[in-house]
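Participant: Sharing a model that was predicted from the sequence below.
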Amino acid sequence: MKTVRLPQQNTEPVALHDRAIDNLCYIRKTMERAGAFTAVPGRGGVAMGLSAVLAAVLAARQPTLERWLAVWLAEAIVAIGIASWTMAVKARRAGVALFDGPGRKFGLSFLPPVLAGAALTAALYRAGGAEAIPGAWLLLYGAGVMTAGTFSIRIVPIMGLCFMVVGALALFSPAAWSDAYLGIGFGGLQVVFGGAIARRHGG
């Protein structure tokens, strides 16, 4: 009868230092997933605020709703560019992952209210309710910042709450005050909180 040879199993024990390294890597990854997203840009927030103040001045001078909307949509593109670049720079310097752990949670929490704001803008424009657009922008941006801020430093959700307050005031104020509220929110609040983040948390 022919005997079958079973493959020999490797019975060598795992070296202690290899096991320790594996454990440290696991602990580090777990802490990164559970930690706070600290790459919120401070100086970038100030730059976004200054560009929004300029947009508020330009938008107030536009003769038609379409041109007014074009100014603010252009400002949104500029702000996204500033935020993306400064956040990437700060994350790289701090060694923080943008698309993993807290960074991923931050982005996924911020995105839905912003997408809702884009859809609501189109709906309000088509329905002739453009006077509610500034308040909706501020409210939903604030909601996004507030929910995303639960995965970030403590000052971020406070900033989101302030945006929501300004947005609520804008909804129940005369339409002629819209650019002032947008300037206060996207301009003033971004500058104030961006400066505070830069002083306390860098970048």
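Facilitator: Looks like it arrived, so ask away.

Participant: my read: M164 touches G142, true?
Facilitator: Yes. Using CB atoms under 8 Å, M164 and G142 qualify as a contacting pair, with a distance of 3.7 Å. Using the backbone N, CA and C atoms, a C-beta is placed for each residue, glycine as well.

Participant: Looking at these two, which is more packed in?
Facilitator: Higher neighbour count among M164 and G142: G142, with 24 against 19, using other CB atoms under 10 Å.

Participant: Please read off the pLDDT at that one from the model.
Facilitator: If you check G142, the pLDDT there is 95.

Participant: Look up which helix or strand it falls in, please.
Facilitator: For G142, the element it lies in under DSSP states H and E is helix 133-148.

Participant: what's the answer for A97, then?
Facilitator: According to DSSP H and E, A97 maps onto no helix or strand at all.

Participant: Apart from its neighbours in sequence, what residue is nearest it?
Facilitator: G103 (5.4 Å; CB to CB, 6 or more residues apart in numbering).

Participant: relative orientation of the next helix or strand after the helix holding G142 and helix 133-148 in degrees?
Facilitator: Scanning forward in sequence from helix 133-148, with DSSP H and E defining helices and strands, the next element found is helix 155-171. Put simply, helix 155-171 runs at 160 degrees to helix 133-148, going by axes from the mean of the first three to the mean of the last three CA atoms, to 10 degrees.

Participant: thinking again about what came up before, and the helix holding G142, what does it pack onto?
Facilitator: Helix 133-148 makes packing contacts with helix 102-127, helix 155-171, helix 178-182 when contacts are defined by 3 or more CB pairs under 8 Å, 6 or more residues apart in numbering; DSSP states H and E.

Participant: quick one, which of those helices is nearest to G194?
Facilitator: Between G194 and the helices and strands packed on helix 133-148, the shortest gap by CB to CB is with helix 155-171, which sits at 8.9 Å.

Participant: What residues of that closest one count as buried?
Facilitator: Of the residues in helix 155-171, those buried under the neighbour-count criterion (16 or more other CB atoms under 10 Å) are I155, V156, P157, M159, G160, C162, F163, M164, V166, G167, A170.

Participant: isn't the second one right up against G149?
Facilitator: What that stands for is V156. Yes. In this structure V156 lies within contact range of G149 using CB under 8 Å: 3.3 Å.

Participant: what angle sits between the helix or strand harbouring L73 and helix 133-148?
Facilitator: Per DSSP H and E, L73 falls inside helix 65-94. Here helix 65-94 points in a direction 20 degrees away from that of helix 133-148 (the same axes, to 10 degrees).

Participant: remind me which residues of this protein are low pLDDT?
Facilitator: 1-36, 38, 203 (pLDDT under 70).

Participant: Try it again at 80.
Facilitator: In the predicted model of the chain, residues 1-39, 94-103, 201-203 satisfy pLDDT under 80.

Participant: For L140, which non-adjacent residue is spatially closest?
Facilitator: Leaving out its chain neighbours, the residue that sits closest to L140 by CB to CB, 6+ apart is G117, at 3.9 Å.

Participant: Thanks a lot, see you next time.
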